[in-house]
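Q: starting from these lines, generate the structure:
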Amino acid sequence: MMIIDIIIPAYNEEESIGLVLDDIPKDMVREIVVCNNNSTDDTRRVAQDRGAVVVDAMQKGYGSACLKGMEYLASKEVSPEIVVFLDGDYSDHPEEMAKLVSPIVNDQQDLVIGSRTLGDMERGAMQVQQVFGNWLATTLIKAFYNYSFTDLGPFRAVRYSSLLDIGMSDPNFGWTVEMQVKAAKLKLRCTEIPVTYRRRVGVSKISGTIKGTLLAGHKILWTIFKLL
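A: Residues are numbered from 1 along each chain as shown. All right, here's what the predicted structure looks like:
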């Protein structure tokens, strides 16, 4: 079995992070890294109580938290072969992880996106502006880079060597689209797997506010164009 590690960015997810960690198929993973992004609640304690490694990302931002997790994995004596990214709000279904890593394990793909668009999505799990933003971003990626995606879903698996080649750097909202655009530019083998998606626990820090939605949308489009 290939070595699989999981990175979970988390900001004030004390109500959900335990549910996420409980549903991860432990027999498939070596280590679960929760990247505590300046939480002011008990996210750290709950994650540690469930056996996760917790690293602190002091700079706020989704991408900053993910980068801190990657920094931790880079310090390991033995590197992972696959990294799975998973949100800490319990909107994803961690038990579906096997579907995402299978194409990489079988050496058919380098990056696998869990597509909410292709899968079974609970009504209200994504806001109208999120659905439109996903459509616009993936349409632009197709037009500019000739790679077909249907989603910028956070639940994804990537070959570790490919992740290093991609050279991730975005500290906030552009994280997911940066990975997909750079993967397209590198001509990596990419595919999507339908995944189940439900309403998150609690209120989204991004799509749950008008300001967050506008900032995220602007950053996603800016990232697509700046990498041309």
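Q: apart from its chain neighbours, what residue comes closest to residue 224?
A: Among residues not flanking residue 224 along the chain, residue 140 sits closest, at 5.2 Å (CB to CB, 6 or more residues apart in numbering). All C-beta spots, glycine's among them, are computed from the backbone N, C-alpha and C.
Q: name the element that neighbour belongs to?
A: For residue 140, the host element (DSSP states H and E) is helix 128-145.
Q: could you do residue 51 as well?
A: Secondary-structure assignment from DSSP H and E places residue 51 in no helical or strand segment.
Q: if I read this right, it contacts residue 31, doesn't it?
A: No - counting by CB atoms under 8 Å, residue 51 stays clear of residue 31, with 9.7 Å between them.
Q: who has more neighbours, those two?
A: Per other CB atoms under 10 Å, whichever of residue 51 and residue 31 has more neighbours is residue 31, with 16 against 10.
Q: which intervals of the chain have sub-threshold pLDDT?
A: 203-214 (pLDDT under 70).
Q: quick one, strands of it?
A: 4-10, 31-36, 53-56, 82-85, 111-115, 156-159, 190-194 (DSSP state E).
Q: summarise which helices and strands the fifth one is packed against.
A: This points to strand 111-115. When contacts are defined as 3 or more CB pairs under 8 Å, 6 or more residues apart in numbering; DSSP states H and E, strand 111-115 packs onto helix 97-105, strand 156-159, helix 175-185, strand 190-194.
Q: list the contacts of the one residue sitting closest to the centre of the chain.
A: In the chain, the residue lying closest to the centroid (CA atoms, centre = their mean) is residue 154, at 3.2 Å. Applying CB atoms under 8 Å, 6 or more residues apart in numbering, we find residue 154 in contact with 85-87, 92, 114, 176.
Q: what residues sit buried inside the helix holding residue 140?
A: By neighbour count on 16 or more other CB atoms under 10 Å, the buried set for helix 128-145 is 130, 133-134, 137-138, 140-141, 145.
Q: what's the angle from that helix to strand 111-115?
A: Helix 128-145 and strand 111-115 are oriented at 150 degrees to each other (axes from the mean of the first three to the mean of the last three CA atoms, to 10 degrees).
Q: so which elements touch helix 128-145?
A: Looks like helix 128-145 contacts helix 175-185, helix 210-226 (3+ CB pairs under 8 Å, 6+ apart).
Q: list of residues touching that helix?
A: Applying CB under 8 Å, 6+ apart, the contact partners of helix 128-145 are 117, 126, 147-152, 177, 180-181, 184-185, 207, 213, 216-217, 220-221, 224, 228.
Q: roughly how far does the closest residue to residue 72 other than its chain neighbours sit from residue 195?
A: Excluding the flanking residues, the one nearest residue 72 by CB to CB, 6+ apart is residue 55, at 5.0 Å. In this view, residue 55 and residue 195 are 26 Å apart by CB to CB, to the nearest Å.
Q: nothing else from me, thank you.
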